[in-house]
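Q: how would this look folded up:
(2 chains)
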Amino acid sequence: MQPVTSDGDLIQRAATGDRSAFEDLYRRYARPVFGLALRRLGDRGRAEDAVQETFTSVWRSAATYRPERGPGAPWIYAVARNAIVDRARARTELPADIPDEPSADAGPPDRAEQSWVAWRVHRALEELPEREREVIALAYWSGLSQSEVAEFLDIPLGTVKTRTRAALGRLSEILEEELEGEPVE
Amino acid sequence: MTDFDDLIDSDDLSPEEELRLRRVHELLLQAGPPADLPPALALAPAGGRHAGAEIIDFPLPRRRWAVAAVAALAAVVLAFGGGYVLGHSKGQSAFAASRVVPMHGSNGALAMLRIAKPDQVGNWPMQIEVTGLPAQAKRSAYYTLWLTKGHKPVEPCGTFRVHGSTTTARFTIPYSLKGVDGWVVTAQQAGADARVGPIVLST
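A: Predicted structure coming up:
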């Protein structure tokens, strides 16, 4: 597997005005940021704004990133979260009715943990070769069995399983090597 | 529920490797599907550029900007008639950029230029968000954003003053962007409209 430039390195290069590094960060994180924003804001238009705001902030604040304090992913996560919170605060909402029963939904700590997991995983997916990402998406989120995935892609079942296994292995390496840190508070 | 044992043949996996892959499997299930990136934010298929939010690549070295401070003076007249500026400390309203161009200058000054799609008659909305430029001491001094061709600032896009740490300004320009190879911001002094001021930000 070819060594991948770390997020931290890209942030530091972006801080010096390196556009290609900034583009790489965008490629890696546009989808995770959008997903996070969409879950928090529930509105695609405002989620798009939050993505724009996040990357503006990344470009503007890259020089404040300190690699000794942790990897790049938690730093970008914190930047994105701030942009999303800003968008959420800007929203005008009618006061909600107070429910009679406590909600069974996950509370803020659980939601934060779920967001962080999704962030890590979706970020890691961006590193997969297209053919492996495709197989993972079909295997996990399309409702198709592996045999149906093979039929859909017109490839042997063994190839589908081999690609799935390779993708899981690659994801494991990405998640372990690059995303050990926790979100920056 | 997607079953790990249905997904791969795990017979030849070591216990450690199987544990690792199962952990990833669980994380994938927990994470759920990633969001579909909307067209405005999608990556272009060629070269990893943004389709919707394209980073414009300018091929020549940045040092060329230093010699670019000779300018098409006649175009200045167009500049002051063609733009409008909305200055505020944060870009709060939505701006649907189709291209995003980072700019930087000395002393940590940075900017993000966002360019939207043109309207039917060729007006290009754009927004610049500037951080780190010093506020002008004189009320009549200002900054000017230029587009460059042949690495020279040839068409002014609008003027603005800065306040606070971050200033956002919006313009609309009627020029064709064909052949544009960069953008610069110059510092303009009162009474010196006939000259292009020193470049303080460039792509």
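Q: where does chain A dip in pLDDT?
A: A:1-3, A:91-113, A:177-185 (pLDDT under 70).
Q: centroid-nearest residue for it?
A: A:Pro32 (2.7 Å; Cα atoms, centre = their mean).
Q: secondary structure class for the nearest residue to it once chain neighbours are set aside?
A: Once flanking residues are discounted, A:Pro32 sits nearest to A:His122: 4.3 Å by Cβ to Cβ, 6 or more residues apart in numbering or on different chains. C-beta here means a position set from N, CA and C on the backbone, and glycine is covered the same way. Using DSSP: H, G, I helix; E, B strand; the rest coil, the secondary structure recorded for A:His122 is helix.
Q: the longest helix seen in chain B and chain A, any residue contact?
A: The longest helix of chain B (DSSP state H) is helix B:15-31. Yes: judged by Cβ under 8 Å from any Cβ of the partner chain, helix B:15-31 and chain A are in contact via B:17, B:20-21, B:23-25, B:27-31.
Q: ok so, going back, so how far is A:Ala78 from the residue nearest to the centre of chain A?
A: According to Cβ to Cβ, to the nearest Å, A:Pro32 stands 13 Å off from A:Ala78.
Q: and for B:Leu110?
A: For B:Leu110, the distance to A:Ala78 - Cβ to Cβ - is 19 Å.
Q: compare those two (neighbour count), which wins?
A: Set B:Leu110 next to A:Ala78 and count neighbours by other Cβ atoms under 10 Å in any protein chain shown: B:Leu110 wins out with 23 against 15.
Q: need the pLDDT of the more buried one.
A: Residue-level confidence at B:Leu110 comes out at 84, pLDDT.
Q: ok, B:Gln136 next?
A: Predicted confidence (pLDDT) for B:Gln136: 80.
Q: what about B:Ser140, which SS state?
A: Recorded secondary structure, B:Ser140: coil (three-state DSSP).
Q: pull the number of nearby residues for it.
A: Residues near B:Ser140, counting by other Cβ under 10 Å: 11.
Q: over to A:Glu130?
A: With other Cβ under 10 Å as criterion, A:Glu130 counts 7.
Q: what about it, distance to A:Ile136?
A: From A:Glu130 across to A:Ile136, the span is 11 Å (Cβ to Cβ).
Q: kindly report the same for A:Glu126.
A: Noted for A:Glu126: a distance of 12 Å to A:Ile136, by Cβ to Cβ.
Q: and these two? Which one has more around it.
A: Each of A:Glu126 and A:Ile136 has its neighbours counted (other Cβ under 10 Å); A:Ile136 has more, 21 against 16.
Q: so what's the more buried one closest to, chain neighbours aside?
A: For A:Ile136, ignoring the flanking residues on the chain, the nearest one in space by Cβ to Cβ, 6+ apart is A:Ala167 at 5.0 Å.
Q: just checking, the one you found is part of a helix?
A: Yes: judged by three-state DSSP, A:Ala167 forms part of a helix.
Q: I'd guessed it sits against A:Ala137; true?
A: No: using Cβ atoms under 8 Å, A:Ala167 is not in contact with A:Ala137, being 9.9 Å away.
Q: who has more neighbours, those two?
A: Legend: neighbour count by other Cβ under 10 Å for A:Ala167 and A:Ala137, higher for A:Ala167 (27 against 17).
Q: show me what contacts the more buried one?
A: A:128, A:132-133, A:135-136 (Cβ atoms under 8 Å, 6 or more residues apart in numbering or on different chains).
Q: top of the residues you listed by neighbour count?
A: When neighbours are counted by other Cβ under 10 Å, A:Val135 leads the contacts of A:Ala167 with 27 neighbours.
Q: ok, that residue - contacts?
A: Counting by Cβ under 8 Å, 6+ apart, A:Val135 makes contact with A:149, A:153, A:160, A:163-164, A:167.
Q: give me the nearest residue to it, chain neighbours excluded.
A: Per Cβ to Cβ, 6+ apart, closest to A:Val135 is A:Arg163, 4.5 Å.
Q: which helix or strand contains that neighbour?
A: Using DSSP states H and E, A:Arg163 sits in helix A:157-178.
Q: with A:Arg89 instead?
A: helix A:72-90.
Q: is chain B contacted by that helix?
A: Yes: counting by Cβ under 8 Å from any Cβ, chain B has neighbours in helix A:72-90: A:Ala90.
Q: buried residues in that helix?
A: Within helix A:72-90, the residues scored as buried using 16 or more other Cβ atoms under 10 Å in any protein chain shown are A:72-77, A:79-81, A:83-84, A:86-87.
Q: one more: stretch A:50-65?
A: Those would be A:50-62, A:65, for stretch A:50-65 by 16+ other Cβ under 10 Å.
Q: touching, B:Leu133 and B:His163? I think so.
A: No: contact criterion Cβ under 8 Å: B:Leu133 and B:His163 do not qualify, at 10.2 Å.
Q: and these two? Which one has more around it.
A: For B:Leu133 and B:His163, the more surrounded residue by other Cβ under 10 Å is B:Leu133, and the numbers stand at 23 against 12.
Q: tell me how far that one lies from B:Leu29.
A: Distance from B:Leu133 to B:Leu29, by Cβ to Cβ: 48 Å.
Q: still on that earlier bit, how far away is the residue nearest to A:Val135 from B:Gly105?
A: 47 Å.
Q: between these two, point out the one with more neighbours.
A: A count of neighbours by other Cβ under 10 Å puts A:Arg163 above the other of A:Arg163 and B:Gly105, at 23 against 20.
Q: which one of the buried residues of stretch A:50-65 is nearest B:Thr172?
A: Nearest to B:Thr172 among the buried residues of stretch A:50-65 is A:Gln52, at 18.8 Å by Cβ to Cβ.
Q: in what helix or strand does that closest one lie?
A: Here A:Gln52 sits within helix A:44-61, counting by DSSP H and E.
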